[in-house]
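A.B. asks: Next one to model:
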Amino acid sequence: MNASSKPKDKGSPNIWLFDLLKNSGFAQDIKYDESLLTAKASKRGLCALCKGSKFLCGKTRCPIIVRVNHYLRTVPLINSEDIAGASPPSVFIGRIGYPYVYAGPLVPPVQEDTSLYDLPELWFGKTIDEIVGFRSMLVRGKHRVHVKKFEEAGKIIEKTRELALASKPVDVELTLKKKPRGFLVLDDEVQPFGPSAPIRDLNIGNPYWDHHVEKAYDDTDLKAAEAVLELYNKGVFITKIQRAFSVGAFGLKKNRRLVPTRWSITAVDSIVSKALMEKVKQFPELSEYRVYESRYLDSVFEVLMIPARWSYETIEAWYPGTVWNQYGRNVFLYSDWEDHKGRTTYAEIGGCYYAARLAVCEKLVDEKRQATVIIFREAHPGYIMPVGVWNVRETVRNAMKQKPLVYNTLSEALKRVASQLRIPLKRWIQNSELLQNILFQRRITDFLNLEKL
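C.D. replies: Residues are numbered from 1 along each chain as shown. Below is the predicted model of the structure:
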């Protein structure tokens, strides 16, 4: 495709990649066609012009090439309708077509300890390549089911639920109706996973259930939110609670249903953080200004705590070339917030809002203090692809583990925050409801001279 050609919606084949495969001899070991190795060009045709080498989108690495590299490594292991391996354990409940959705296990074609494959709590510090490397191994088996009728859906869904409640890797034999197809699936809410195919049959070994999870599952008079909080308070990982929540393991018997994985992640973060937030509101206020910091996957997180009643805001800045600002020319900022009363509508930022709220509330509950909390996130072009909302939760949790920088005034604290971010402080203030409220309620000169920051 030349520079003047208009990209087709369905994408165009990477001829150079076909040539590479043909000449390397690797192609003899796998079967592929154009549908497997097709890159979708943007409306502006940047991908067609770039072909992964010129970085015209502003990213420091090409997401398409990263995905292709891992796909080619995985293909020889999944070039069959029969997949046998140790599931982390992991399952996925889709949302397309709701209330009829595709549900099933995620199974890697390897026999080893795969626990790490679905424990984001242990991923902080790992590179994009490491995460994509083991997540791309997870083959998704799909079985269509009505979310309210999963109890009647038969063996496949029954085994999927048993797998979801397991606390250790489980041996799985997954028979598919055809060979898995597709690239690595990426989503800002959900951890990545690999190719998929409809399920013909599913057999699993004897799963070992966490006794806390099993107790919540057996209690059909316990409401779902109460089950989530009980498990969290007993130290069960958020990820494991979300997984069980998604397969309808909690709640009153008549109300149980499958919950799309994407929704279950945010639901659990919201339930837990809201409960923690109510505790926070009862504690005395901080006596100083604090700044917590963390950096991960080319994103900078600055967490400002102000000695005041609980309120919360998260502001995200996306540079051109990042996941959600791929072809823009300017940095894009947006925010969501809540005052002491909380919020009644879903945050437009999405699951990241609730994941970060959970992390800061954990810290405040631990210290038995309350504060106004503002999170500044600056995403740079090195964040080439979404890996799931877990990365916000764990990055903010990491910030909370660090020794805070303590200041006597808001001006000093904001100067520190401003020194760590590339975007001028004025722009953050313009996009911050809480900072504007604070600065408006008192004389600006009591805090800082904005022109000097």
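
A.B. asks: okay, CA-based contacts and neighbour counts for the rest of this
C.D. replies: OK.

A.B. asks: what about the helices in the stretch 151-300 of the chain?
C.D. replies: Applying DSSP state H, counting those that start in this stretch to the stretch 151-300 of the chain gives helices spanning 155-164, 211-218, 224-233, 238-246, 261-280.

A.B. asks: So G85 is in contact with E173, correct?
C.D. replies: Yes. With contacts defined as C-alpha atoms under 8 Å, G85 counts as touching E173 at a distance of 6.8 Å.

A.B. asks: rewinding a little: and the helices of the stretch 151-300 of the chain, which is most packed in?
C.D. replies: helix 238-246 (a mean of 24; mean count of other C-alpha atoms under 10 Å).

A.B. asks: what does that helix rub up against?
C.D. replies: With C-alpha atoms under 8 Å, 6 or more residues apart in numbering as the contact definition, helix 238-246 has outside contacts at 90-91, 93, 118-121, 161, 164-165, 167, 213, 224, 228, 231-232, 250, 258-261, 264-265, 268-269.

A.B. asks: again, 6 Å this time
C.D. replies: Contacting residues not belonging to helix 238-246 are listed as A164, L165, L258, V259, T261, S264, I265 [C-alpha atoms under 6 Å, 6 or more residues apart in numbering].

A.B. asks: wait, what's in contact with the closest residue to the fifth one other than its chain neighbours?
C.D. replies: This points to T261. The shortest distance from T261 to any non-neighbouring residue, by C-alpha to C-alpha, 6 or more residues apart in numbering, is to I93 (5.1 Å). Residues in contact with I93 (C-alpha under 6 Å, 6+ apart) are A103, P260, T261.

A.B. asks: at 8 Å instead, please
C.D. replies: Shown in contact with I93 (C-alpha under 8 Å, 6+ apart): V101, Y102, A103, G104, S246, V247, L258, V259, P260, T261.

A.B. asks: Same question for I349.
C.D. replies: Residues Y334, S335, D336 are the ones in contact with I349 under the rule C-alpha under 8 Å, 6+ apart.

A.B. asks: I'd guessed the first one sits against A317; true?
C.D. replies: In this case it means Y334. Yes. At 6.8 Å, Y334 and A317 qualify as touching, with contact defined as C-alpha under 8 Å.

A.B. asks: Spit out the residues that contact those two alike.
C.D. replies: For the pair Y334 and A317, no residue contacts each of them under the criterion C-alpha under 8 Å, 6+ apart.

A.B. asks: Quick check on these two: which one has the bigger neighbour count.
C.D. replies: The residue with more neighbours, out of Y334 and A317 and counting by other C-alpha atoms under 10 Å, is A317; that gives 24 against 14.

A.B. asks: Which of the helices or strands spans that one?
C.D. replies: strand 311-318 (DSSP states H and E).

A.B. asks: re the thing from before, just put the helices of the stretch 151-300 of the chain in TSV and tack on mean pLDDT and distance to K401.
C.D. replies: Below are these laid out as TSV (pLDDT from 0 to 100; distance: least, C-alpha to C-alpha, whole Å):
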stretch	mean pLDDT	distance to K401
helix 155-164	96	30
helix 211-218	96	27
helix 224-233	98	19
helix 238-246	97	18
helix 261-280	97	18
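
A.B. asks: which one of those lies closest to K177?
C.D. replies: Checking these against K177 by C-alpha to C-alpha gives helix 155-164 as the closest, at 13.4 Å.

A.B. asks: for the stretch 101-250 of the chain, what spans make up the strands?
C.D. replies: In the stretch 101-250 of the chain, the strands defined using DSSP state E, counting those that start in this stretch lie at 139-146, 170-176, 196-204.

A.B. asks: In a markdown table: the ones you listed, plus distance to A356 and mean neighbour count.
C.D. replies: Putting those into a markdown table (distance: least, C-alpha to C-alpha, whole Å; neighbours: other C-alpha atoms under 10 Å) gives the following:
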| stretch | distance to A356 | mean neighbour count |
| --- | --- | --- |
| strand 139-146 | 28 | 23 |
| strand 170-176 | 31 | 22 |
| strand 196-204 | 31 | 18 |
